[in-house]
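> Starting from these lines, generate the structure:
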Amino acid sequence: MMNTVQMQEQRLKALELTRLGAPARPSNSFFGVGPITDATTDEVDGRLRRMAFEAWIEKTYRKFDDRDIDIGGFTAAEISRIMHRGYPADKILTDMMRAIHRYFGFPTSNRMAVGLGGGHSGFTVCAQHLMNANDASQRIYVDTPRPESDPSKAGGFFRQSWATQLIEMQRFAEKGCESRIHFAASEGIIPTAEELANLGVSIFVGVGHETTGANAYTSREIGELLKWLDGDPSNRHAVFDATSMLGAMPWEPELVAAVMAKCCLFTPFQKAIGGVSGYFVATFTPQALALIDKNQQDPAWAIPRQLKIAPPTDPSRPFSTKRTVDVGPFYDAGEDRMLGGVINTFSALALAETTFGLLQCEARVGSVVELNRRSTVNRKVVDEWVQRHPLLSLSVADAERRGAAVTLLTVRDDGISEPDIHARIIARSKQLLGYEGITHPNGEYEPGLDAARYVNAFPGTPGDYRAWIGGIREPEDVVALLENLQYAYLRAKIVVLEEELAKQGVIFERQETSGGPVRKDDPARAYAVLVVDLVGLRIAADGHPDHSEIEAYVEEKGGVFHLGPLDDRTALEKGRIHFFYQPDLSTDAEILPQTDKGQYDALIAAATSIPKASVFPLGGVRIGAGTGNMGSASWGGGNGEGGDAPLMNTPGINSRATAQMVMKAVLKVVPDLPVDRLHRMVAVGDFDTGRQLKDFPTSKLEGRKIAVLGYGNIGREVAKLAKAFGMRVAIYARERHRRWIEAEGFEYAGSPVEAATGADVLSVHIGLGRLDAATGVYSNARTVSAEVLAALKDGAVLVNYDRGEVVDATALDAALSSGKVAHAAIDADLFKDSATGSLSGPMLPYIRLEERHRGKLELLPHAAADTDHPSRVAGAKQAVDQIFDVIQFRLVTNLKGDLPEGYVSAGSRTPVGIGRVTKQAILEAVSKTDLLKELQQASERVATVVGALAAVSDPANRSRIVERYTAMLVEDIGRQRVLLDQLGLYGPAEE
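Purely as a prediction, here's the structure:
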């Protein structure tokens, strides 16, 4: 018995071995039942597979009227409740048998039976039909120990049941003699051909490899068995349980082909493929079928109806007529037909699942030859891994005898000698491997890994874990399984040892974890942040923009808000983040004296240009999307490349405000109804509607084309608003955005010219792009060139609420003069030196144009995005959040450019419904369980009705569906869209 010191030592050792946490989990956590499974990776994949299966059903099995006209496909629901005879049930059965026969390469000469039940039923069918107690010369060899012998006792009933059935058949038959059955000294051993011949054996029964699932026959043994069969093929027969053989035969291809041709095989095929359990298939050689027919002339025992494969030729005379395999439940590959159906009632849908499963397996893996090869590779992967990890050992010692479908593993832990403790650890480890998880004596809970379900060894089997690892698995999945088995054992060992120690009064302190990121700021230091732009645009009582909301927000988060510059840093309260609000700073001369020596740790800015020489060691946030004004070398300038601190932004905050201003600019001139003139005429009573309305023709926005350059947050919002007005929307963006643009119902354009061609409105939202350090020119400067403007429809409207530089002002001058552009709305920065009064900024060229084209231009001082108080406050709050994260946790949200060393990206963040749908947005949507459930229900109803309409060809049936479900469909489609918007799930995905 382990003492306290030993248990403590073993616990610490296991803790050290698992300190790095759980390994990667396999792609599929289910490791049971057959070398071929559906291989779905998770709940989503499983549901998609089910949908694919139902679509395949509808495509494959069609309804035809008596004129041979296709009137639609059978649905899965219909097939699930059809009778088991007639069309399409007979076709479904034949298709399954043909698919199995073809894929696994059974020879045409061998017939394949199908019946109810699993492997035991298949075994009974083969054994009962081939054996005959009335034949005193018949001898049987079984490759398992005799039941209740010393070698077999540990196996329990399951592992002895195969041989027990054979003994009982002989023991209870009138002319039976159980001495006619020879048993192996140990499981899974095939004698030599000479030994079998000397014993006078005529039937070999191979089930030993399947009783554990981890054994395989050697190539030499298979060669000897085939040699014995060839010695008298008419009178010698071999029968195998092939549940873990099909697709996992680790022998030379010629041996595999010979086994398939010369041996009888049975398997619970439905279960092995991954469909609904309950059906077996069994293949019989011509010689075996002849023996069965012979046995029916002088039977030694009754065979249950649902297992009978030699029915009466005259069903009205079940006793006296001839019984033969020629009318049995067999698939005859030579004639490609069923000689009879499954004798008892069957589920056509379940059989269709098998066919579909085989097709899926073939698509994923390839032929059965490849499946066998991969199984052998996976067996080698297990061997090599176990050699490097002594904790787990292979229960089958002989490498050549290890199964290629199943691995059986035993834990060899020198630190645990008590069998009961070992058993408890194994049991707990299986809880952890699944979904239950384990709880420590102090209440700490470890959630389940969900990495390996159904890894139970059979009772009495010499092993702890049993897992199917056939060729359907990828080698990396097999490694992941083994890593998780080892990890789960060690974690379970910790818990069990803690339980034992608790009995002796030893309790370990519970480790409280916040579950959040680890603080990385210095509590003995005060942090200073400069804020150089307005954080609120509502006017307070003192006549100045109100900053109170942001001040309160900073204080709620534990920060300190100061008005004015940083004075004495040593006087600041330690362990706090201090924000210094100076929205009047504007020029380099005002900014540099406060920032050139790193006086502030970080920065929040909006429109103010930040000099290159300003130093902010911990980063900066720009309220808004573009970062061209963030010139500090601390983060590598506006591109955020090569710096020591992170550059961040708040994309999407003002996107809707900007987009709405764009539409306002358009609506001022299109439709071109002279609203002001009409108002004046009506106000003074100078208008007759019937007589004068014809003098004011106009046309609506609906049907006109708008070209949007850029598919960022603002460009997408403009496109959505334009679509709401019924406009045709063409968007120019990079090719990788094409699928998202088209998914939202917009037209994709591969170039600005293509987008602008024939457009009534052009709206620009591409940003400045990268700054070329050598030329000082941004990559998107003058994108709206003369060629782009020339492609527009005559009299078009240009809206540039982006950056002044993206339009070629000279080209716009010419377009306005020619009438190609009738109106232009420009929103660009304009700066005025307070001392000299001189103007600067990208608006200057447009001011000169306005003098030449009076009334055709509307000029704004980059105000469209920044005049909305709620947007400015929301952006400032998000910037404060980002500053707290970057200082306290080194977490960077909305990174622009490079991620500096020592920081961790926290992804992107935008307002709900703006920009790309992020993984974080999905997680936040999941937390809104009521809305998510409603979305699921609405989506399922939409998919159900649409799927039914797509499946039905008969006009009358379609009309009935439309009559019944139109209201539900339309309501659910509308609700679905509303819920997607509410949850922030509508739009392009984060890439």
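> Let me know the pLDDT of residue 346.
In this prediction, residue 346 carries a pLDDT score of 77.
> Might you report the residue contacts of it?
Residues touching residue 346, when contacts are defined by Cβ atoms under 8 Å, 6 or more residues apart in numbering, comprise 84, 93, 116, 279. (Glycine included, C-beta is placed from N, CA and C.)
> ok, now residue 356?
Taking Cβ under 8 Å, 6+ apart as the contact definition, residue 356 lies against 53, 56-57.
> quick one: secondary structure of it?
Here residue 356 is helix, with the state taken from DSSP: H, G, I helix; E, B strand; the rest coil.
> go on, residue 621?
Classification of residue 621 using three-state DSSP returns strand.
> show me where pLDDT drops low in the stretch 1-150 of the chain?
Judged by pLDDT under 70, the stretch 1-150 of the chain has no weakly predicted residues.
> Show the residue spans covered by the helices in it.
4-17, 43-60, 76-80, 89-104, 119-130 (DSSP state H, counting those that start in this stretch).
> Tell me the buried residues in the third one?
To tie it back to what came earlier, the one meant is helix 76-80. When neighbours are counted by 16 or more other Cβ atoms under 10 Å, the buried residues of helix 76-80 are found to be 76, 78-79.
> and for it, what are the contacting residues?
When contacts are defined by Cβ under 8 Å, 6+ apart, helix 76-80 is touched by residues 53-54, 57-58, 61, 88, 92, 347-349, 352.
> Residue 644 contacts residue 634, doesn't it?
Yes: between residue 644 and residue 634 there is a contact at 6.4 Å, judged by Cβ atoms under 8 Å.
> Which residue of these two possesses the greater neighbour count?
Set side by side, residue 644 and residue 634 give different neighbour counts by other Cβ atoms under 10 Å, the larger being at residue 634 (27 against 18).
> Quickly find the element holding the closest residue to residue 328 other than its chain neighbours.
The shortest distance from residue 328 to any residue other than its chain neighbours is 4.2 Å, reached at residue 309 (Cβ to Cβ, 6 or more residues apart in numbering). In this structure, residue 309 sits in neither a helix nor a strand according to DSSP states H and E.
> need the contact list for residue 175.
When contacts are counted by Cβ under 8 Å, 6+ apart, residue 175 touches 133-134, 136, 300.
> all helices for the stretch 851-991 of the chain, in order.
For the stretch 851-991 of the chain, the helices defined by DSSP H, counting those that start in this stretch cover 869-888, 919-927, 929-951, 955-983.
> Which among the ones you listed is found nearest to residue 818?
Between residue 818 and the helices of the stretch 851-991 of the chain, the tightest spacing by Cβ to Cβ is seen for helix 869-888, at 37.5 Å.
> Rounded mean pLDDT for that closest one, please.
93.
> Please name every helix or strand in contact with it.
Counting contacts by 3 or more Cβ pairs under 8 Å, 6 or more residues apart in numbering; DSSP states H and E, the secondary-structure elements packed against helix 869-888 are strand 527-531, helix 548-556, strand 577-581, strand 602-605, strand 620-622, strand 647-649, strand 891-892.
> Repeat the analysis, applying 10 Å as the threshold.
The contact analysis (3 or more Cβ pairs under 10 Å, 6 or more residues apart in numbering; DSSP states H and E) places helix 869-888 against strand 527-531, helix 548-556, strand 577-581, strand 602-605, strand 620-622, strand 647-649, helix 655-667, strand 891-892.
> Please identify the most buried of those.
Here the criterion is mean neighbour count by mean count of other Cβ atoms under 10 Å, and of the helices and strands packed on helix 869-888 the winner is strand 620-622, at a mean of 30.
> What strands line up against it, and which way round?
Sheet pairing of strand 620-622 (DSSP bridges) gives strand 602-605 (parallel), strand 647-649 (parallel).
> Compare the contacts of residue 356 and tell me which is most surrounded.
Ranked by the number of neighbours (other Cβ under 10 Å), those place residue 57 first, at 26 neighbours.
> my guess is that residue meets residue 73, correct?
Yes: counting by Cβ atoms under 10 Å, residue 73 is a contact partner of residue 57 at 7.1 Å.
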